[in-house]
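Asker: Model the structure of this input:
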Amino acid sequence: MSEYQLQNPPTDGITTVHFSPNNQSQFLLASSWDASVRLYDVNQHTFRQMYKHAGPVLDCCFIDSSRTASGGLDRLLKVFDFNTQQEIVMGYHDNAIRCVHYSPEMNILITGSWDSSIKFWDSRVPNCLGTCSLPDKVYTLDSAGELLVVGTAQRKVSIWDLRKISTNTPIENRESNLKYQTRCIRCFPNKQGYVLSSIEGRVAVEFFDANPEIQKKKYAFKCHRAKEGAIENIYPVNAIAFHKQYGTFATGGSDAFVNMWDGANKKRLCQFHQYPAGITSLAFSPEGNMLAIASSYNYEYGSDPQLAPNDITKNNIFMVDETLFDYLHMSVVEYYVQENENDVDSAALCLSQIGYRVGYSLSERLSKENPRYRDELDTVKYLCKELWICLFKKQVDNLRTNHQGVYVIHDGRFRLLQQTLVTMNKPIDATNRLHTLYIAYSTGLLRGILTNMGYPCRVTAEIADFGVKFQIDMTLTTG
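Answerer: Reported below is the predicted structural model:
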């Protein structure tokens, strides 16, 4: 896993980091207690420019590839265009603006404040579309399609329908299942629920559907804790970020660790190394090939920084590059290999199903920017060229077909197999059934992509050295 630091970080605590949207993750936005909002070019590893508020900035977001919004202790909501250098003050709250969020589905800006209200804004002009009152201060919020989830003081959670903001009434009020103050809320990429964290080293996985059978799936778990003898140190979980392709999520805590979780299977996949200071914000790029990690002093040792270790007061933004995709894949596969060593078929099925969900979702997202192919052969060619490059950074080496619905794709140096086994220092043995698990995820991935494009199929694979041959059978509808 490759990692580097962005130069010219904020001079005070980092509050939020966000990637630019729409698969244009060249730029990263960062807000800070030093009253700045900074723009970085992550491809060039450089600081580009910034604008300022009159006080600490608590949150920021992208509206599109050039326009951003931000708010903080000066109570003002600002929209800034980095291309034109134009700044617009959209409006204000009666107290600090804690959350600034843009909903692309509804095309509105949403702000949450310590004045116990949320406001909705037209992102194009200074126009407040509506205000909704809440019982307490807003600490965190996120949206999933037409639904907005707001976490406030006193462990309250309210769910709103963004199509009905004029009613000033949430569609549901909940109380957090966690005993202590809510820190962060982030919605599932599939819009079925949300993950909530607290100051007491716990995370809850919740679902929107009120059906009792669905509600049985919710759960909570401990994390970001460390034992020193008989004493357990418990740290706030400050940040949550979802990987949109995998559906896995990362958490960052004041213990300065980042953990990766498979929420569907209730397992921790891996833990990154310890960073210099607590994690205050996390963000995956839209493609899922980069992770931004804000490591910043968050007053874990009190208001006097002299009480903290020397380097913990430094503010850093770490970038984990595209090998994160390989690292996540390796972690998922290795977990299922270890858990199902005596039941290879079950492990293969689990990995294939995960791959299918990722592929189906990925195809749905990519299809918004690419035409649907009516012809079966053209669809497979599109998979072998454009999609293969997107996923594996190269085209396939060979494509053959019998023109009767069966296709054989050969990739002589298949990236996921190569990275996984080389990283784990394992020689490839095509006769070892356990090693076939390292391509089970990929068969599901391809099946999910093709099924979403209108071609249900069966996908099988075999290993040859570092290469893999995938057979796609369009004559069958089960995988």
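Asker: contacts for the helix or strand where L282 lies?
Answerer: Using DSSP states H and E, L282 sits in strand 279-284. Judged by Cβ atoms under 8 Å, 6 or more residues apart in numbering, the contacts made with strand 279-284 from elsewhere in the structure are 13-19, 28, 238-244, 250-254, 256-258, 290-296, 298. C-betas here are computed from N, CA, C, even on glycine.
Asker: rerun at 6 Å
Answerer: Residues from elsewhere that reach strand 279-284, judged by Cβ atoms under 6 Å, 6 or more residues apart in numbering: 14, 16-19, 238-239, 241, 243, 250, 252-253, 258, 291-296, 298.
Asker: are any of these buried, and which?
Answerer: With neighbours counted by 16 or more other Cβ atoms under 10 Å, those contain buried members at 14, 16-19, 238-239, 241, 243, 250, 252-253, 258, 291-296, 298.
Asker: Among those residues, which lie within strands?
Answerer: Where the buried ones among the contacts of strand 279-284 overlap with strands, as defined by DSSP state E, the overlap consists of 14, 16-19, 238-239, 241, 250, 252-253, 258, 291-295.
Asker: Report the contact partners of C187.
Answerer: Counting by Cβ under 6 Å, 6+ apart, C187 touches D142, A144, Y194.
Asker: which of the residues you listed lies closest to S70?
Answerer: D142 (16.9 Å; Cβ to Cβ).
Asker: does the closest one really touch I185, like I thought?
Answerer: Yes: in this structure D142 lies within contact range of I185 using Cβ atoms under 6 Å: 5.3 Å.
Asker: what's the angle between the strand holding L282 and strand 237-242?
Answerer: Following axes from the mean of the first three to the mean of the last three Cα atoms, to 10 degrees, one obtains 0 degrees for the angle between strand 279-284 and strand 237-242.
Asker: What is the burial count for Q404?
Answerer: The burial metric for Q404, expressed as a neighbour count using other Cβ atoms under 10 Å, is 8.
Asker: per-residue confidence for the spatially closest residue to it that is not a sequence neighbour?
Answerer: Nearest non-adjacent residue to Q404, counting by Cβ to Cβ, 6 or more residues apart in numbering: T475, 7.3 Å away. For T475, the model assigns a pLDDT of 87.
Asker: pretty sure T475 is touching G405, no?
Answerer: Yes: at 4.3 Å, T475 and G405 qualify as touching, with contact defined as Cβ under 6 Å.
Asker: and these two? which has more neighbours close in?
Answerer: In terms of neighbours (other Cβ under 10 Å), G405 is the more surrounded of T475 and G405; the figures are 14 against 9.
Asker: Dihedrals phi and psi, the more buried one?
Answerer: Backbone geometry at G405, expressed as degrees, to the nearest 10, gives phi 100, psi 10.
Asker: What is the longest helix of the protein by residue count?
Answerer: Of all segments of type helix in the chain, defined using DSSP state H, the longest is helix 344-366.
Asker: For M50, see how far away the residue nearest to F82 when sequence neighbours are not counted is.
Answerer: Nearest non-adjacent residue to F82, counting by Cβ to Cβ, 6+ apart: S66, 5.2 Å away. For S66, the distance to M50 equals 14 Å [Cβ to Cβ, to the nearest Å].
Asker: any idea which helix or strand of the chain has the worst average confidence?
Answerer: helix 415-423 (a mean of 64; mean pLDDT, DSSP states H and E).
Asker: Strand partners (parallel or antiparallel) of the helix or strand hosting A226?
Answerer: Take DSSP H and E as the rule and A226 turns out to sit in strand 225-228. Strand 225-228 has the following sheet partners, assigned by DSSP bridges: strand 231-234 (antiparallel).
Asker: if we can go back for a sec, part of a strand, is the residue nearest to Q404?
Answerer: No: counting by DSSP: H, G, I helix; E, B strand; the rest coil, T475 is not part of a strand but coil.
Asker: What strands line up against the one helix or strand G130 maps to, and which way round?
Answerer: In the assignment (DSSP H and E), G130 maps to strand 127-133. For strand 127-133, the paired strands and their directions (DSSP bridges) are strand 117-122 (antiparallel).
Asker: check contacts around M453.
Answerer: By Cβ under 6 Å, 6+ apart, the contact set of M453 is S363, T379.
Asker: In stretch 163-173, which residues are buried?
Answerer: I165, P170.
Asker: Residues touching it, excluding its own?
Answerer: Around stretch 163-173, the neighbours that count as contacts under Cβ under 6 Å, 6+ apart are F120, G130, C132, E146, S158, I159, W160, D161.
Asker: Quick check: the farthest pair among those?
Answerer: The largest distance within those, taken as Cβ to Cβ, falls between G130 and I159 and amounts to 16.6 Å.
Asker: between these two, which one's more packed in?
Answerer: I159 (17 against 13).
Asker: Give me the nearest residue to the more buried one, chain neighbours excluded.
Answerer: Setting aside the residues directly before and after it, I159 is nearest to E172 in space (Cβ to Cβ, 6+ apart), at 4.4 Å.
Asker: mind listing what S331 touches?
Answerer: With contacts taken as Cβ under 6 Å, 6+ apart, S331 has the following neighbours: L269, C270.
Asker: so it sits in a helix?
Answerer: Yes: when classified by three-state DSSP, S331 is found to be part of a helix.
Asker: Q353 versus that one, what's the distance?
Answerer: In this structure, S331 and Q353 are 17 Å apart, going by Cβ to Cβ.
Asker: The chain - how does it break down into domains?
Answerer: Taking automatic domain parsing as the reference, the chain has its domains at 3-321, 342-473.
Asker: that older thread, need the next SSE after the longest helix of the chain, C-terminal direction.
Answerer: Moving on from helix 344-366 towards the C-terminus, the next helix or strand you reach (DSSP H and E) is helix 376-382.
Asker: Tell me, please, where in the stretch 151-300 of the chain the pLDDT is lower than the cut-off.
Answerer: Confidence mapping of the stretch 151-300 of the chain against pLDDT under 70 gives zero matching residues.
Asker: That one: helices as residue ranges?
Answerer: Shown for the stretch 151-300 of the chain, the helices assigned by DSSP state H, counting those that start in this stretch span residues 212-215.
Asker: Specify the beta-bridge partners of the closest residue in space to S143 that isn't next to it in sequence.
Answerer: Counting by Cβ to Cβ, 6+ apart, S143 lies nearest to S103, which is 4.7 Å off, once chain neighbours are set aside. Listed by DSSP bridges, the beta-bridge partners for S103 are I108.
Asker: Mind pulling up the pLDDT for S103?
Answerer: Turning to S103, the model gives it a pLDDT of 96.
Asker: how close does it get to S36?
Answerer: Plainly put, S103 is 25 Å away from S36 if you go by Cβ to Cβ.
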